[in-house]
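Peer 1: Sequence and predicted structure below; questions after.
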Amino acid sequence: MCRIIGFALFWIAVGMLLMMLISNVIAGVILVLLLLIVSYNLFCIKK
């Protein structure tokens, strides 16, 4: 469980860094929504 939390925190930090580099707020929000949808489909939907 500790490794999963560390993995999640690492990618949260990467996302924060990416958002600091993106100056367009609309593009950042669209990117966040797209990645949330993809991550939900990968991790939450049972196949």
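Peer 2: Okay, I see it.
Peer 1: low-confidence ranges in this protein?
Peer 2: Scanning the chain for pLDDT under 70 picks out 46-47.
Peer 1: Could you rerun that using 50?
Peer 2: Along the chain, no part satisfies pLDDT under 50.
Peer 1: show me where it has strands.
Peer 2: Read by DSSP state E, the chain holds no strands at all.
Peer 1: where along it do the helices fall?
Peer 2: 2-21, 25-43 (DSSP state H).
Peer 1: what's the spacing between the shortest one and its chain's center?
Peer 2: From the chain centre to the centre of helix 25-43 is a distance of 7 Å (CA atoms, centre = their mean, to the nearest Å).
Peer 1: same check, this time on the first one
Peer 2: The gap between where helix 2-21 is centred and where its chain is centred comes out at 8 Å by CA atoms, centre = their mean.
Peer 1: Which secondary structure elements does that helix sit against?
Peer 2: helix 25-43 (3 or more CB pairs under 8 Å, 6 or more residues apart in numbering; DSSP states H and E). Glycine gets a C-beta too; all of them are placed from N, C-alpha and C.
Peer 1: so what secondary structure elements neighbour the helix it packs on?
Peer 2: Using 3+ CB pairs under 8 Å, 6+ apart, helix 25-43 sits against helix 2-21.
Peer 1: Give me the contacts around the helix it packs on.
Peer 2: The contact list for helix 2-21, computed with CB atoms under 8 Å, 6 or more residues apart in numbering, reads 28, 31-32, 35.
Peer 1: re the thing from before, any chance of the helices of the chain in TSV, plus mean neighbour count?
Peer 2: Below are these laid out as TSV (neighbours: other CB atoms under 10 Å):
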stretch	mean neighbour count
helix 2-21	10
helix 25-43	11
